[in-house]
Each structure stands twice: as structure tokens, then as C-alpha cells.
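**Student:** Sequence and computational prediction follow.
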Amino acid sequence: MYLVRRIFNTKRGEARRVASLVHKQAQAYHDAGHRSEFKVYFNGGTVPGDTNVVVLEWTEEALMSPMRAGNDLPQEALTIGRQALEFVESSRIEFMELLTPDKMMDV
């Protein structure tokens, strides 16, 4: 199982707006069966640390290309994603393998 983390650096003062759009987009993917439960968090400047940042996290059983044959992406999610891009300066994605009980080492 994998943890997928999408990190958005937003234009100044737009973190909450982007977080709201990212949540709406992730919900559309979830409702269409494309995504597991997810979390969205942000820092628009109200807490210490990097500001103007939005993070979306979810888990996947396997990593697969979104461009794979037969993958029917929900148009609503794509439309919302385009709206969010207006307020995003950059983004990146991280993939981490989750340590599950069957992967534990006897140390």
C-alpha cells in the first residue's frame, strides 16, 4: 500500500481557496470510485512553517498511470482541477510505501 501526497504551492493568500478546490476535486474522484478516503490540509499563514501550501493525501493499493487504457476520469474533477490551477504556482507529488504489518521486519 502507498501513501500519495500532492503538494501545491499557491499564490500568496490563496491557500484556503486552493484547499477548498482541491477538496472538491478529490471528493469528485472519491465519489467516482477513483480515490480512497483523503485529507486536505493547508497553511495560509495562520500557523508556523511554510505558508501558501496545500497538501492532499490519500492511499493507493497500487500505483497506476492515470493515462492507462480504460481509465475514465470524471470530467467534474478535471474541471475543478483547472479552476485551482489559476491560483497555484507549482506542485509536486510524493509516493511513499506504507509500512503494513506484513512488511514489518523482525528486528
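**Tutor:** Received it, and whenever you're ready, just let me know what you need.
**Student:** Buried residues in stretch 70-88, which are they?
**Tutor:** Going by neighbour count (16 or more other CB atoms under 10 Å), the buried part of stretch 70-88 is Pro74, Ala77, Ile80, Gly81, Ala84, Phe87, Val88. Glycine gets a C-beta too; all of them are placed from N, C-alpha and C.
**Student:** Farthest-apart pair in those residues, please.
**Tutor:** Farthest apart among those by CB to CB are Pro74 and Phe87. That separation is 21.1 Å.
**Student:** hmm, back to that, list the ones among the buried residues of stretch 70-88 that fall in strands.
**Tutor:** Val88 (DSSP state E).
**Student:** what's the distance between the least confident helix or strand in the chain by mean pLDDT and the middle of its chain?
**Tutor:** Among the helical and strand segments of the chain, the one scoring lowest on mean pLDDT, DSSP states H and E is helix 75-85, with a mean of 94. Averaged C-alpha coordinates place helix 75-85 at 13 Å from its chain's average position (CA atoms, centre = their mean, to the nearest Å).
**Student:** could I get the longest helix seen in the chain in CSV with only the CA atoms?
**Tutor:** Longest helix in the chain by number of residues, with DSSP state H as the criterion: helix 15-31. Coordinates of each C-alpha in helix 15-31 appear next as CSV, following Å, rounded to 0.1, in the frame of the first residue of the first chain:
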residue,chain,number,x,y,z
ALA,A,15,-4.1,28.6,0.2
ARG,A,16,-7.6,28.3,1.6
ARG,A,17,-9.2,28.8,-1.8
VAL,A,18,-7.0,26.1,-3.3
ALA,A,19,-7.6,23.8,-0.4
SER,A,20,-11.3,24.1,-0.9
LEU,A,21,-11.0,23.4,-4.7
VAL,A,22,-8.6,20.5,-4.1
HIS,A,23,-11.0,19.0,-1.6
LYS,A,24,-13.9,19.4,-4.0
GLN,A,25,-11.8,17.8,-6.8
ALA,A,26,-10.7,14.9,-4.5
GLN,A,27,-14.3,14.3,-3.5
ALA,A,28,-15.3,14.1,-7.1
TYR,A,29,-12.6,11.4,-7.7
HIS,A,30,-13.7,9.6,-4.5
ASP,A,31,-17.4,9.7,-5.5
